[in-house]
Every structure is written in structure tokens, then in C-alpha cells.
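Novice: Predicted model follows, preceded by the sequence.
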Amino acid sequence: MKMRKKCIRNGILVCVMASLMLMTAGCSETEPMSTGMSNTGTVADTTELQTEEQTQPEQTEPVTEAVTTEETVTTEEISTVYNPLTGEYGYNENAVGKRPVAVMINNIDLSLPQYGIGSADYIYEVVVEGGITRLMAVFADYTSVPDLCSIRSCRYYYPIIAHGLDAIYCHWGADQTIAQETLDRLDIDRFDGGSSTYYDWLFLNDEQRLLEYSSEHTGYLKGSALAEAIEYAGYRTDMRNGAKDAFVFAEGDEVTTFEGTPCTMFDVIFSESYYSTFTYDEENKTYKKQHSGDPHMDSATDEQLSFTNVFVLETSVSMRGVGELMDVALEGGTGYYISGGKSMPINWTKPAENENFVITDLSGQPITVNRGKCYFGITDKVEFF
């Protein structure tokens, strides 16, 4: 909305001369330049509270607030469109109600650093065979996924997590036992880099990395081709009916603290050699991630991974045979929600394979989550300092 001030000046100049001549000055109308300033940063919280069902409210056109001074008119646009995974404002309006994308990321030491993962809304980390971990990066807007490297194969628990988000799943191969059976049983919409259908235009090898890395650590997903691939495959792009926001988000865009235990540093432990350390950055109100003792970097931005929210989901993890694949229970358990320099104990469940995690406090009430990126560590061990 723009406000226009009209300033009308009337002046009458009267000169008395010997001849009583009368001169009258006319009336003129001018319009001052109206300026519009768009607020492109993070803004205040939604103007209404989330419902208990956590359903995503209907997104509306930007609300305009005008602040008028004597000399100028300032117009600020406040967007009510927010990312359904993180709650952050400034989200692509065309992506509202659309499905996210989940991508498998190699996390073995020999593959580091990855690139593109710092842009993910969610990162899930779970152990795989040999005590190493693998990541799953989730993006709410499938039209703005960056190039991601390096892409790796599926383990059965990852597509189950993706299915709960109604995400389109991207991977490069799969173990041919329970992972393949899970993919087939769920009939999950997916792209496999091992398929000749999408190789060479959606999944490629990074030629520069081939000079330094083994070929299995050079596969990347071409983010700009993803929307075309989804259209080509004929996959549904709208979220399924009844889809809910991931969380009840806190009011306001500032990180708020809650009643809990001070928490500035902790380890999410997956094995003797693979663990993720998080250190609280008071200035930015985020937790910076380390990979087994070293800063976990995104080489595309040369920035360390950081998260507003960290969830540790404790569960049973066991080995299926000697040195073979892992079993990870996803039915439910206890854990911690960590944000704003505090931690609180939580309960979590996954009611069905096609449902998202439900996270509550110990009394069973939904927790309120700060707006920002999230990390989920699914493990059987965490250590606080």
C-alpha cells in the first residue's frame, strides 16, 4: 500500500500601489516521491498462533505497514510466507504446499568436504556399517536445491524418514537387501543415480574432484535439473492431504530460551571414530558442528555447518551380523531438544512409516521450536560437557 500526501500551498500576494492594482498568486499541487522499502530479512513472528493440529495456515499476500513522518513516507512489507520445515520467513511463495526433497550425502572422512549441504533446511545423521555415518539433507523448496556432493547409497531407515516428510528421495544406489525391499514396499517417489535414466543429466561425476578423490566420492546431484526431472518422472508435487507443519514455531524471529539445562557443548556419538560435536555460538544463537573433531565445512561457501535447533533422538542401534548393515529402531524413544544455549529432555515417536516424528516434552505436550535450521542425530549415545 502506498500513501500519498498532497501538499497544497495557497499564496496571495497583495500589493497596494497608487493604481490599486491587485495581483493574485495561483494555487499549485505537488506530489513528493513515495519510496517503498522491502524487508528482505527475518521478520517478526506470524500474526496468529499455530493451531494444535499444527496445520500450515493459508499463506496470504504480504501485509504492508506505512510509517509517515512530516517529510517522508516509508513503506515496509512484512511477508507472512514461511518455510514449513524451519518456520523462517522470506520463503518462496510458489513453493508453499509443495513436497520437499531428501538427498543422501556421503559422510566418510575420505569424501570431505561436501558441498551444498549448508543450504539444507534439515540434516539427519545416522550410523551405517563400519561405524561411519551418512547424512540426509532435506530441502523444503525443490526448485532451489543447489548442486550437492557427494551423493551416496540408501540404507533402509533413510527412506522411512523421508517418507514421513512426504519427500521425494534422491540417492545413488542401495544395499540390495532390506533397503531395496523398503524402497519397493513404500513405492516411494525417488531418483537413483545408479539408473541410466537419470545418469548424465541429474547425477554426474565432478570432474575436478576426480583429480583428487576416488570416483565413489565424486558423484553429485545437479540441483538446477531437479525440477525438470520431477516433471519428467510425473511425480506428485503437492503435499499429500493432511500434511502438517513440522513444529509449533516460537513467536518472533529471535531465538528464545526456555526452561532447561545450560548447554554450550555436547557430542552426538555414533561410534568410536565418528561423532558430531556442537558448540554454541552466542553471537549468532546457533550451534556450530564439528565432524569427528574438525569443523564440518561446506566447500561451496567455505562456511561451517550451523543449526538453530539440534534434536538428539535416542534409540536402539544394533549390528545385523559381524561388520555388516545396521538396524536402527524408529518407533520412538527419549532424547533432547537443544537451542538457544539450553537443552530439555523430550519424548519422540514415529507413529507410522508415512508420518513424521512427533516430539513432545516429558508430559506429552508439543514443544515450541525456534525458527531456523535443524539437525537430527539418531543414535544411542550423547555426551554433554
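Specialist: Looks like it arrived, so ask away. Numbering: from 1, shown residues only.

Novice: quick one: the helices in the stretch 151-300 of the chain?
Specialist: Remark: helices assigned in the stretch 151-300 of the chain by DSSP state H, counting those that start in this stretch are 157-164, 178-186, 226-233.

Novice: What mean pLDDT does stretch 292-306 get?
Specialist: The pLDDT scores in stretch 292-306 average 98.

Novice: Work out the gap between it and the centre of the chain.
Specialist: 17 Å (CA atoms, centre = their mean, to the nearest Å).

Novice: Skip the chain neighbours and tell me the closest residue to the residue nearest the centre of the chain.
Specialist: The centre of the chain sits closest to Asp121, judged by CA atoms, centre = their mean, with a distance of 1.6 Å. In space, and not counting its chain neighbours, Asp121 is closest to Leu85: 4.3 Å by CB to CB, 6 or more residues apart in numbering. Glycine gets a C-beta too; all of them are placed from N, C-alpha and C.

Novice: ok, the one you found to Thr368 distance?
Specialist: Relative to Thr368, Leu85 is positioned 16 Å away (criterion: CB to CB, to the nearest Å).

Novice: How about Asn94?
Specialist: Taking CB to CB, one finds Asn94 at 28 Å from Thr368.

Novice: More neighbours: those two, which one.
Specialist: Set side by side, Asn94 and Thr368 show more neighbours around Thr368, with 15 against 10, by other CB atoms under 10 Å.

Novice: ok, now which ones touch that one?
Specialist: 247-250, 258 (CB atoms under 8 Å, 6 or more residues apart in numbering).

Novice: Show only the entries of the residues you listed found in strands.
Specialist: Under the assignment DSSP state E, the contacts of Thr368 contribute 248-249 to strands.

Novice: what bridges to Ile168?
Specialist: The residues listed as beta-bridge partners of Ile168 by DSSP bridges are Val101.

Novice: Contacts only, for the residue nearest to the centre of the chain.
Specialist: Going by CB under 8 Å, 6+ apart, Asp121 touches 83, 85-86, 100, 138-140, 373-374.

Novice: 10 Å - rerun?
Specialist: The contact partners of Asp121, by CB atoms under 10 Å, 6 or more residues apart in numbering, come to 83-86, 88, 100, 137-141, 246, 372-374.

Novice: Gly234 and Ile168: what is the separation?
Specialist: Taking CB to CB, one finds Gly234 at 12 Å from Ile168.

Novice: Could you name every residue contacting both of those two?
Specialist: Asp189.

Novice: Those two: which has the busier surroundings?
Specialist: Using other CB under 10 Å, the more surrounded residue of Gly234 and Ile168 is Ile168, with 24 against 8.

Novice: pretty sure the more buried one contacts Ala229?
Specialist: Yes: at 9.2 Å, Ile168 counts as touching Ala229 under the criterion of CB atoms under 10 Å.

Novice: any common contacting residues for the two?
Specialist: 142, 191, 235.

Novice: can you pick the most crowded of those?
Specialist: Phe191 (23 neighbours).

Novice: Surely it and Cys170 touch.
Specialist: Yes: with contact defined as CB under 10 Å, Phe191 counts as touching Cys170 (4.8 Å).

Novice: okay, and the common contacts of those two?
Specialist: Counting by CB under 10 Å, 6+ apart, the common neighbours of Phe191 and Cys170 are 101, 103, 151, 198, 202-203, 221, 226, 229.

Novice: Among those residues, which one sits closest to Lys289?
Specialist: Nearest to Lys289, judged by CB to CB, of these is Val103 at 17.7 Å.

Novice: What's the separation between that closest one and Thr261?
Specialist: 34 Å.

Novice: Look at these two and report which has more neighbours.
Specialist: When Val103 is set against Thr261 and neighbours are counted by other CB under 10 Å, the residue ahead is Val103, at 27 against 12.

Novice: Now do the contacts for Ser224.
Specialist: By CB under 10 Å, 6+ apart, the contact set of Ser224 is 143-147, 202.

Novice: Out of the contacts of Thr368, flag the one nearest to Ala174.
Specialist: Phe247 (29.9 Å).

Novice: Could you tell me the per-residue confidence at the closest one?
Specialist: Phe247 is given a pLDDT of 94.

Novice: ok, the residue lying closest to it once chain neighbours are set aside to Phe258 distance?
Specialist: Distances taken as CB to CB, 6+ apart put Val369 closest to Phe247, at 4.1 Å, once the chain neighbours are dropped. Separation of Val369 from Phe258 (CB to CB) stands at 10 Å.

Novice: cool, and Gln365?
Specialist: Counting by CB to CB, the gap from Gln365 to Phe258 is 12 Å.
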